[in-house]
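Peer 1: Here is a sequence with its predicted model. Questions after.
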Amino acid sequence: MVFAHDTEASLLSAVELVNSAEDPDTLTGTAQLAEFFVRHVYTGAHAGDAAELAAVRALRAPLRRLLTSDRDTAVTLVNATLAEHNALPQLVRHGEVDYHVHAVAADAPLPVRIAVETAMAMIDLIRADDLSRLSICADDNCAGLVLDLSRNRSRRYCSTACGNRNAVAAYRARQR
C-alpha cells in the first residue's frame with residue numbers, strides 16, 4: 001500500500017526520534033533538535049530551548065510503545081493522544097508541500113505536534129491493518145525500530161550500519 005506523503009513523513013520522523021534514544025543517544029542538544037526540525041520539515045512553533053529538547057526526548061518512550069504495539073493497543077494509544085491534545089484534523093498547505101493533514105495549531109508546542117502527527121499517521125496503518133510495516137531491527141545487538149515502506153517488505157535493519165555489520169558477519173561466517 002502506498003501511504004500519503006504526510007503519513008510517511010510522520011512515521012519516518014517518529015522512527016528516527018525513537019531510534020535517537022539507542023546507544024549512542026543522537027538527540028542530546030538543542031542543535032541536534034534544530035537539525036531534526038529542519039530535516040523533517042516541521043513548521044510552526046519551535047522554541048529551540050532546553051525545555052523543548054527535554055519534552056521531545058520524553059516522547060521517545062511513548063512513541064516507541066505506540067509504534068511497537070499490537071493493533072488494538074495502538075488504537076487505544078492513538079485515541080488517547082488525539083483526545084489529550086484536542087486534535088481537530090484540518091487540511092493545510094504551506095511552502096512546497098501540497099494539502100496534507102494537521103490536527104493541532106501551528107503554534108502548538110513541537111512535542112505536541114510530533115505526538116499528534118504520529119498518531120494521525122498510525123491511523124492510516126491501523127486502518128490498512130498494516131502494522132507489520134513497523135518492526136524491531138533484525139540485528140541481535142540493536143533495539144532500533146524499522147519502518148519498511150518498500151513494496152516487497154524486505155527491510156530488516158534500522159540503519160545501513162546494522163545491515164552492513166550483519167552482512168560482514170555472515171560473510172565471515174561463510175568463509176570459516
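Peer 2: Sure thing, it's come through.
Peer 1: how close does residue 121 sit to residue 21?
Peer 2: 19 Å (CB to CB, to the nearest Å). Placement of C-beta: from N, CA and C, glycine included.
Peer 1: between those two, who's got more neighbours?
Peer 2: Neighbours were counted for residue 121 and for residue 21 using other CB atoms under 10 Å; residue 121 has more, 24 against 17.
Peer 1: any low-confidence regions in this structure?
Peer 2: Along the chain, segments meeting pLDDT under 70 span 1.
Peer 1: ok, which stretches of it are strands?
Peer 2: For the chain, the strands defined by DSSP state E occupy 90-94, 97-102, 134-136, 145-147.
Peer 1: Relative to residue 9, which of those strands is closest?
Peer 2: The closest of these to residue 9 is strand 97-102. By CB to CB, the value is 8.4 Å.
Peer 1: Return the list of helices and strands in contact with that closest one.
Peer 2: Counting contacts by 3 or more CB pairs under 8 Å, 6 or more residues apart in numbering; DSSP states H and E, strand 97-102 packs against helix 5-19, strand 90-94, helix 110-127.
Peer 1: let's see it at 6 Å
Peer 2: Helices and strands touching strand 97-102, as assessed by 3 or more CB pairs under 6 Å, 6 or more residues apart in numbering; DSSP states H and E, comprise strand 90-94.
Peer 1: Okay, angle between the strand it packs on and helix 5-19 too, please.
Peer 2: If you take axes from the mean of the first three to the mean of the last three CA atoms, to 10 degrees, strand 90-94 sits at 90 degrees to helix 5-19.
Peer 1: now for strand 90-94, which elements pack on it?
Peer 2: strand 97-102.
Peer 1: The strand it packs on to helix 110-127, inter-axis angle?
Peer 2: Interaxial angle of strand 97-102 relative to helix 110-127 (the same axes, to 10 degrees): 90 degrees.
Peer 1: Partner strands of strand 97-102 and their direction?
Peer 2: If you go by DSSP bridges, strand 97-102 pairs up with strand 90-94 (antiparallel).
Peer 1: CA atoms of the strand it pairs with as PDB?
Peer 2: What follows is strand 90-94, C-alpha atoms only, in PDB (Å, rounded to 0.1, in the frame of the first residue of the first chain):
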ATOM      1  CA  GLN A  90      -7.700  20.100   9.000                       C
ATOM      2  CA  LEU A  91      -6.300  20.200   5.500                       C
ATOM      3  CA  VAL A  92      -3.400  22.700   5.200                       C
ATOM      4  CA  ARG A  93      -0.700  23.600   2.700                       C
ATOM      5  CA  HIS A  94       2.400  25.500   3.200                       C
END
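Peer 1: Done for today, thanks.
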